[in-house]
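S.K.: A structural model of the following input is requested.
(one chain, ligands or ions: 1)
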Amino acid sequence: MTSAPEKGIAARLRVHSRPMGADTELLDLLPAPDGVLTWLRDGEGLVGWGEALRFTPSGPNRFTQADLWWRGVCEHSEVLDEVRLPGTGAVAFVSMAFADHPGDSVLVVPRVLVGRRDGVTWVTEISADGDGAPVNRSVQPVRRTGTVRYSEGELPVTGYRRAVRAAVDRMRAGELGKVVLAHDLVATAEEPFDPRFLLHGLAERYPSCWVYAVEGLLGATPEMLLSKLDDEVTSRVLAGTSWPHGGVSADELAARLLSSPKNREEHAYAVESLVETLRPHCATLRAPASPEVLRLPNVLHLSSDVTGRLRQTTDAPSLLRLAAAVHPTAAVGGTPQKAAVEMIAELERMDRGRYAGPVGWIDARGDGELGIALRCAQVIGTTARLFAGCGLVADSDPDSEVTEAAAKLVPIRDALEGN
Ligand SMILES: C=C(O[C@@H]1C=C(C(=O)O)C=C[C@H]1O)C(=O)O
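M.R.: Numbers count the residues shown, from 1 in each chain. This is a model prediction of the structure:
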């Protein structure tokens, strides 16, 4: 369940947040390629480095384990917070595995975190008992990626097309309503990838996405699983995709997407799955009657922003507990959820790891933001494993799903290659 160098709940954190000058881009503050922690959108958010604590839950109870661990850590913290904003005080970066098996999730409390929210910038320094050593501040310049070579992952494109066809056949036979199948691709460079180089590229080109990095999983996701601030929860549900092709104008693509029954069906499954699982926790919950179109440079998505207010209870759920309830939505799993998750394991036959799992941050109040880890790569040294998937319904066409997955890989490929 846990692995070294974790420190148990008894470790006492000392946390100090104080205001800081706001003249530097947050990504430029990351001193070295190792242990990069990031959650940014449009120049604001959090960057962190160094490690005060870590926890690696796994299995079906990983969210509960994470929640209990984090609550224990916060109860044992000594906090001096001179800023008092969401994300000040004790914060953990979070990246949860998609599936119950296999794979570890990870929570990392950095030694140093710099945050920016509504133009206010702060620095938080954190140390755990017996860990008073100064954080290494030696700055290493950002390294561009050299030549990148691609090779097949655990599920090559030919196998993916076959898996999509098999899923579509089974949905036509009425086995389930929707399933999201993904495949991977491996990129190799001569020198280790520098996550900061990739993050800069993603942040520049996809400012409306949440750019993230936790334990080598990094990307720019357009999809917000849940954000929580006091009793307010919001989610951006995406499902139903189009991509620029054949000189068709963006307006025309958007109009076709909005009027496509297949895409509307995919989208409705995703919204319903979120609303059904979130509703028991909410006093009010609103989903728009019909989706909007979210336009990104590589793809267009049907998009619904869902907002809610949590029920007043003595035991208010934290963001992690809410994420346990809603993950995986039908944006990355399917409907019905259990059958879809089983079909994913059976047909993909690959380990998704933390791809398509919740990624983001939590603070000591149980607030924070968890996106869905999409448009990403798992980077280890000179290797990066890229992932992309597509929602399938009975009407899906395997060839166009393969093309859609390729379009979803464009941001992370461009970032890796420095295009
Ligand atoms: C599964 C992915 O994306 C999801 C699937 C979508 C779709 O099939 O239309 C759209 C957005 C995401 O919810 C991915 O990017 O890998």
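
S.K.: Give me the nearest residue to the residue positioned nearest the centre of the chain, chain neighbours excluded.
M.R.: Compute the mean C-alpha point of the chain, and by C-alpha atoms, centre = their mean the closest residue is Ala373, 2.6 Å away. Counting by C-beta to C-beta, 6 or more residues apart in numbering, Ala373 lies nearest to Val359, which is 4.1 Å off, once chain neighbours are set aside. Bear in mind the C-beta positions are built from the backbone N, C-alpha and C, glycine included.

S.K.: Can you read off the backbone torsions of the residue nearest to Ser138 when sequence neighbours are not counted?
M.R.: For Ser138, ignoring the flanking residues on the chain, the nearest one in space by C-beta to C-beta, 6+ apart is Pro31 at 6.9 Å. Note on Pro31: its backbone torsions stand at phi -80, psi -30 [degrees, to the nearest 10].

S.K.: wouldn't Pro31 be in contact with Val114 here?
M.R.: No - counting by C-beta atoms under 8 Å, Pro31 does not reach Val114; the two are 11.0 Å apart.

S.K.: which bits of the stretch 151-300 of the chain sit near the ligand?
M.R.: Residues of the stretch 151-300 of the chain lying close to the ligand (C-beta under 6 Å from any ligand atom) are 180, 182, 223, 238-241, 266.

S.K.: Which members of the residues you listed are the farthest-apart pair?
M.R.: Checking those against each other with C-beta to C-beta, the farthest-apart pair comes out as Ala182 and Gly240, at 16.4 Å.

S.K.: Which one of those two is surrounded by more residues?
M.R.: Applying other C-beta atoms under 10 Å to Ala182 and Gly240 shows that Gly240 carries more neighbours, namely 25 against 22.

S.K.: the helices in the stretch 101-250 of the chain, which residues?
M.R.: Using DSSP state H, counting those that start in this stretch, the helices assigned to the stretch 101-250 of the chain run over residues 157-172, 195-205, 250-258.

S.K.: Deepest-packed of the ones you listed, please.
M.R.: Mean neighbour count, computed with mean count of other C-beta atoms under 10 Å, is highest for helix 195-205 among the helices of the stretch 101-250 of the chain, reaching a mean of 22.

S.K.: Show me what that one is packed up against.
M.R.: Helix 195-205 sits against helix 26-29, strand 37-41, strand 210-214, strand 217-221, strand 376-380, helix 398-417, with contacts defined as 3 or more C-beta pairs under 8 Å, 6 or more residues apart in numbering; DSSP states H and E.

S.K.: Angles on the backbone of the nearest residue to Val214 once chain neighbours are set aside, please.
M.R.: On the basis of C-beta to C-beta, 6+ apart, the spatially nearest residue to Val214 that is not a chain neighbour turns out to be Ser95, at 3.8 Å. According to degrees, to the nearest 10, the main-chain angles of Ser95 amount to phi -150, psi 110.

S.K.: would you turn the helices of the stretch 101-250 of the chain into JSON lines with distance to Ala405 and mean pLDDT?
M.R.: Compiled in JSON lines, these are given as follows (distance: least, C-beta to C-beta, whole Å; pLDDT from 0 to 100):
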{"stretch": "helix 157-172", "distance to Ala405": "7", "mean pLDDT": "98"}
{"stretch": "helix 195-205", "distance to Ala405": "18", "mean pLDDT": "98"}
{"stretch": "helix 250-258", "distance to Ala405": "17", "mean pLDDT": "97"}
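
S.K.: how about those, which one is nearest Asp315?
M.R.: helix 195-205 (37.1 Å).

S.K.: Count the neighbours of Pro60 for me.
M.R.: When counting by other C-beta under 10 Å, one arrives at 11 neighbours for Pro60.

S.K.: show me what contacts it?
M.R.: Pro60 makes contacts with Asp100, as judged by C-beta atoms under 8 Å, 6 or more residues apart in numbering.

S.K.: Could you check how far it is from Ala97?
M.R.: When C-beta to C-beta, to the nearest Å is applied, the distance between Pro60 and Ala97 equals 10 Å.

S.K.: and the stretch 301-419 of the chain, which residues reach the ligand?
M.R.: Looking at the ligand, the residues of the stretch 301-419 of the chain close enough under C-beta under 6 Å from any ligand atom are 301, 331-332, 374-375, 387-391, 408.

S.K.: any idea how far stretch 207-216 is from the chain center?
M.R.: 7 Å (C-alpha atoms, centre = their mean, to the nearest Å).
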